[in-house]
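> Give the three-dimensional model of this entry:
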Amino acid sequence: MDFGISFGMGTIIMIIVGIYLLSSIKILNEYEQGVIFRLGRLLPQAKGAGVRLVFAPIDRMVRVSLRIVTMEVPPQETITRDNVTVKVNAVVYFKVIDANFAINNVENYLYATGQLAQTTLRSVIGEVELDELLSQREKLNERLQTILDLHTAPWGVKVSKVEVKQVEIPEQMVRAISKQAEAEREKRAKIIHAEGELVASLKLAEAASVLATQPVSIQLRYLQTLTEIGVEKNTTIVFPLPVDIFTKIADRIAPATPQA
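A predicted model of the protein is given here:
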């Protein structure tokens, strides 16, 4: 009887030990690392992918993903350096490069990185003007990435990229920008027209110099103009003639002045 009881107790103990050993087996994926606390103390090296034994309650393991995290920064309303109120949102790409730092140095690295991204976005937007915000987006993205990466490095987090997604400006400012763009286009059009007039005047001056050396070429030019007008089948033809022609004709018709 005692042997049966002892055998039964031994079986129960073995089952309990087996369940404990099975529960101590942890499997880490390729993109994960396990941060181990042994009796409350952090082990120097985080555990990599594979089968790991974690003997509770002596050991406690915290899983940390090493994949790139895409975090959207909600729209932040701020004022630019030239006193324009804008709403700007962004997206931050980062990953954990040191799992021990990410767990031991900050309470929640995801929340901390998100809050830091929001405050950094507001402060950087406040240091630039609206034109710089709209036209130099790449430069602004690099500046945001540099600042975030510098502050998240002690947390074992690497910020690889920051992109400003959308910039919302007031309706009045949109109309003002449209007027400014229209004025710039008109300015460029007038400059181009003036440059064309200058080039045309220079070419006409060169043509006049050439024609002055050969007066007969003016008559040939007149004939060519008549040919072009005749092709268009116009009913009215206005043909200019130089005054010098009429002067020469009048001189020939006028009788010679008798000599005294």
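> So in terms of bridging, what pairs with E163?
V91 (DSSP bridges).
> you'd agree it is up against N141?
Yes. Contact status for E163 versus N141: in contact at 5.7 Å, counting by C-beta atoms under 8 Å. To be clear about C-beta, it is placed using only N, CA and C from the backbone, and glycine gets the same treatment.
> for the stretch 51-200 of the chain, which spans come out with low pLDDT?
174 (pLDDT under 70).
> Helix or strand next in line after the helix or strand containing Q118, which one?
Per DSSP states H and E: Q118 is located in helix 109-125. The C-terminal neighbour of helix 109-125 among helices and strands, as given by DSSP H and E, is helix 130-135.
> For that following helix, buried residues please.
For helix 130-135, a neighbour-count test (16 or more other C-beta atoms under 10 Å) marks L130, E132, L133 as buried.
> which residues sit against it?
If you take C-beta atoms under 8 Å, 6 or more residues apart in numbering as the criterion, helix 130-135 is touched by T80, D82, V84, V86, V88, I125, K139, L140, V167, I169, M173.
> Most neighbours among those, which one?
Neighbour counts for the contacts of helix 130-135 (other C-beta atoms under 10 Å) peak at I125, which has 25 neighbours.
> Verify the stated contact: that residue with D82.
No. The pair formed by I125 and D82 falls short of the contact definition of C-beta under 8 Å, at 11.5 Å.
> Convert the C-alpha atoms of stretch 160-174 to CSV, please.
Extracted in CSV, the C-alpha atoms of stretch 160-174 (Å, rounded to 0.1, in the frame of the first residue of the first chain):
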residue,chain,number,x,y,z
SER,A,160,16.5,55.4,-40.0
LYS,A,161,14.1,57.8,-41.7
VAL,A,162,11.6,60.6,-41.1
GLU,A,163,9.2,61.8,-43.7
VAL,A,164,6.8,64.8,-43.4
LYS,A,165,3.6,63.6,-45.0
GLN,A,166,1.2,66.5,-45.2
VAL,A,167,1.2,70.2,-44.5
GLU,A,168,-2.1,71.9,-43.9
ILE,A,169,-2.2,75.7,-44.1
PRO,A,170,-5.2,78.2,-43.6
GLU,A,171,-7.4,79.0,-46.6
GLN,A,172,-6.4,82.6,-46.5
MET,A,173,-2.8,81.7,-46.8
VAL,A,174,-3.6,79.3,-49.7
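> And that stretch, how far out from the chain middle?
For stretch 160-174, the separation from the chain centroid amounts to 10 Å (computed by C-alpha atoms, centre = their mean, to the nearest Å).
> Please enumerate residues in contact with it?
Contact partners of stretch 160-174, identified using C-beta under 8 Å, 6+ apart, comprise 68, 72, 75, 84-95, 117, 121, 130, 133-134, 137, 140-141, 144-145, 148, 177.
> quick one: which of those residues sit in helices?
Cross-referencing the contacts of stretch 160-174 against helices under DSSP state H gives A117, L121, L130, L133, L134, R137, L140, N141, L144, Q145, L148, I177.
> which among the residues you listed gets closest to P154?
L148 (12.4 Å; C-beta to C-beta).
> Hmm, L121 and the closest one touching each other?
No. In this structure L148 lies outside contact range of L121 using C-beta under 8 Å: 9.3 Å.
> hang on, I25 packs against F55?
No. In this structure I25 lies outside contact range of F55 using C-beta under 8 Å: 10.4 Å.
> so who does V96 touch?
Counting by C-beta under 8 Å, 6+ apart, V96 touches V64, S65, L66, A102, Y109, G156, V157, K158.
> will you turn those residues into a markdown table that also has secondary structure and neighbour count?
Below are the contacts of V96 laid out as a markdown table (DSSP: H, G, I helix; E, B strand; the rest coil; neighbours: other C-beta atoms under 10 Å):
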| residue | secondary structure | neighbour count |
| --- | --- | --- |
| V64 | strand | 21 |
| S65 | strand | 14 |
| L66 | coil | 19 |
| A102 | helix | 27 |
| Y109 | helix | 21 |
| G156 | coil | 21 |
| V157 | strand | 25 |
| K158 | strand | 16 |
